[in-house]
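> Structure, please.
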Amino acid sequence: MVVLHCAVAILLVILLIIRMRVDPVIALVLGSLYLGLASGVGFTGTLAAITSGFGEIMAKVGLLIGFGVLIGSLLHATGAFKRIVTVLVAGVGPRRLPYAMAAVMSTIFPSIYVDVQVVLASPVARAVAPHVGRTGLPLLAGAIGTGIFSGYVFVVPGLAVLLIAGQVDVSLGAWLFWGLILGLSTALLTTFLFQMLLRTRYWKPVSDEDPDDAMEEVEAHDRAVEEVRDVNIPSLPMSVAPILVPLLMIAFGAFADLAGITNDFIDFIGNANLALFVGLLWAYLQARRSIGIERSNAAVSEGFHTSGEILLITGVGGSLGEVIGASGMGEALAGLFSADASGSVLLSILLAWFIAAVLHLAIGSVSVAALTAAGIIGPIIPQLSVSPVVIGLAIASGSLFAVHVNSNFFWMFKALLGLSTSGALKTLTVVTSLASLVSLPMVFLVSLVL
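Purely as a prediction, here's the structure:
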């Protein structure tokens, strides 16, 4: 019965979000209430689980999410992204730009929120597309889509990474190396496969491109560029420093731990919260110098606005995970995810991937699907012999599957890149599906090492 009630709770959350367009925060709390009461946790126990789950996940990732969003907001305001893309275009040339864009967006820009990334990258794609070739626009669109979401789910400090790592209790240092390898490899290999697909008659410009839809958005972006033309954009090293310095600090702590070297100072320097705060401080001081105090504070305020809903969703996702644990669902799933033999390890990875993929197909949000899947699986991970990092990567891979029409990002992507609905499906939906499938065998390979 516990499994049935859990399934009903998840279905309730999905239907509320999709059919009734209820905000995910409200839907997740209602699902938590139903599961707790229906599974016998009790009135007091259910509320205790909801509040303790919220507090526990906030203690793990609350500051990380807040700092990461603020860094992205400040980098956007200072024009750092524009500087990096300009150097990229000049350095690699139009023909290699799709791979360069996929690589950079999957490794350097996960701290910038996905909506901001596509707003900033789409004018570059539209401008350079004719120089790439006949299928330049869909190829660049696919590269941008796979780059954004590969970084989002695999690479620190992508939001989905923080959500999954917090729920499955994995340190960012332990995740950092494997996530970076999978994120970059997935983005590049998916771009290559998509380019091969475009060499067929797959793309039909007449029906798949719709530039009129994008004109208003692009013109708005151009006006915004005109308004900040006087901004003193930081140099390339200064532009990437708020992103790279925190990653180096986290990596330092992780490699020191692997080498068996540990003390209070190393733990302090390698702490992810401190690392991202250093990045935030760097970005803030740089912004004050580049765009002034007023614009810097406005960017910070915008970051607070963006992070508020993310933190609430994250917190109530933790609540659902805690209620699932209190309901006894962990014991029921433990047998399903048993990993006593190598075949069962593969089954565990496939089930984690499948749960995340189905949730994403239904809900339409990568982050909510990743958070919910991790909340379902997280409580039973201590009972498994599979590494928590491997299960986390499997969830990330599954949550990447098929960004489509029930996603707000899908429609923004369509409009900004001048695509028809079929064109957006042929680019964004196809490349995210490919990326999910491409990354799954890589997760299997990681399981052989960890």
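> which element is I310 on?
Here I310 is covered by helix 272-327, with elements defined by DSSP states H and E.
> Tell me the helices and strands packed up against that helix.
With contacts defined as 3 or more CB pairs under 8 Å, 6 or more residues apart in numbering; DSSP states H and E, helix 272-327 has these neighbours: helix 2-18, helix 24-38, helix 43-78, helix 159-168, helix 236-258, helix 366-377. Where C-beta positions appear, they are placed from N, C-alpha and C, glycine not excepted.
> which residues does F268 contact?
Neighbouring residues of F268 by CB atoms under 8 Å, 6 or more residues apart in numbering: L274.
> Let me see the backbone angles for it.
Dihedral pair for F268: phi -70, psi -50, per degrees, to the nearest 10.
> State the distance from it to A256.
F268 is 11 Å from A256, where distance means CB to CB, to the nearest Å.
> need the contact list for S39.
1-2, 5-6, 327-329.
> how about the nearest residue to it, chain neighbours excluded?
Of all residues not flanking S39 in the chain, S327 sits nearest, at 3.8 Å (CB to CB, 6 or more residues apart in numbering).
> With G173 instead?
Using CB to CB, 6+ apart, the nearest residue to G173 is A254, at 3.3 Å.
> One more: A396?
Nearest residue to A396, sequence neighbours excluded (CB to CB, 6+ apart): V153, at 4.0 Å.
> Tally up the residues packed near the closest residue to R126 other than its chain neighbours, please.
Spatial nearest neighbour of R126, excluding adjacent residues (CB to CB, 6+ apart): G418 at 6.3 Å. Number of residues near G418 (other CB atoms under 10 Å) recorded here: 22.
> what about stretch 291-306, distance to the chain center?
Using CA atoms, centre = their mean, to the nearest Å, the mean C-alpha position of stretch 291-306 is found 23 Å from that of the whole chain.
> Going forward, count from 38.
Fine by me, first position is 38 from now on; the one you just mentioned is stretch 328-343.
> which of the residues in that stretch are buried?
328, 332-333, 336-337, 339-340, 343 (16 or more other CB atoms under 10 Å).
> so what pLDDT did the one residue sitting closest to the centre of the chain get?
With distances taken as CA atoms, centre = their mean, Y189 lies nearest the centre of the chain, 2.5 Å away. We have a pLDDT of 94 for Y189.
> now do G372
pLDDT for G372: 58.
> Next: A180.
A180 is given a pLDDT of 95.
> Kindly confirm my reading that it forms part of a strand.
No. Under DSSP: H, G, I helix; E, B strand; the rest coil, A180 falls outside any strand and is assigned helix.
> residue ranges for the helices of the stretch 138-287 of the chain, please.
Taking DSSP state H, counting those that start in this stretch to define them, one finds helices in the stretch 138-287 of the chain at 151-169, 173-191, 196-205, 209-235, 242-245, 248-264, 273-295.
> Go through the ones you listed and name the closest to G355.
helix 196-205 (7.0 Å; CB to CB).
> That closest one to helix 80-115, inter-axis angle?
150 degrees (axes from the mean of the first three to the mean of the last three CA atoms, to 10 degrees).
> pLDDT averaged over helix 196-205 - what is it?
89.
> helices or strands up against that helix?
helix 80-115, helix 173-191, helix 209-235, helix 309-364, helix 403-414, helix 425-436.
> Tell me which of these lies nearest to W390.
helix 425-436 (3.8 Å).
> orientation of that closest one relative to helix 403-414 in degrees?
140 degrees.
> Below-threshold pLDDT in the stretch 288-437 of the chain: ranges please.
366-380 (pLDDT under 70).
> okay, now the residue nearest to S76: neighbour count?
Count around S364 with other CB under 10 Å applied: 26.
> residue contacts, it?
Counted by CB under 8 Å, 6+ apart, S364 has contacts 39, 42-43, 72-73, 76-78.
> quick one: what helix or strand has the residue lying closest to I428 once chain neighbours are set aside in it?
Leaving out its chain neighbours, the residue that sits closest to I428 by CB to CB, 6+ apart is A389, at 5.2 Å. If you go by DSSP H and E, A389 is part of helix 379-400.
> Buried residues, that helix. List them.
Neighbour-count burial for helix 379-400, counted by 16+ other CB under 10 Å, picks out 381-382, 384-386, 388-390, 392-400.
> quick one, what contacts the nearest residue to L176 once chain neighbours are set aside?
Computed as CB to CB, 6+ apart, the closest residue to L176 that is not its neighbour in sequence is P135, at 5.0 Å. Going by CB under 8 Å, 6+ apart, P135 touches 169, 176-177, 179-180, 228, 232.
> just curious, which of those residues is nearest to P248?
Nearest to P248, judged by CB to CB, of these is L177 at 14.0 Å.
> what's around the closest one, how many residues?
Neighbourhood size, L177 [other CB under 10 Å]: 27.
> quick one, what contacts it?
Contacts of L177 were listed using CB under 8 Å, 6+ apart, and they are 134-135, 138, 162, 165-166, 169.
> Pull up the gap between the nearest residue to it once chain neighbours are set aside and F214, please.
Nearest residue to L177, sequence neighbours excluded (CB to CB, 6+ apart): A162, at 3.9 Å. The gap separating A162 from F214 is 30 Å, by CB to CB.
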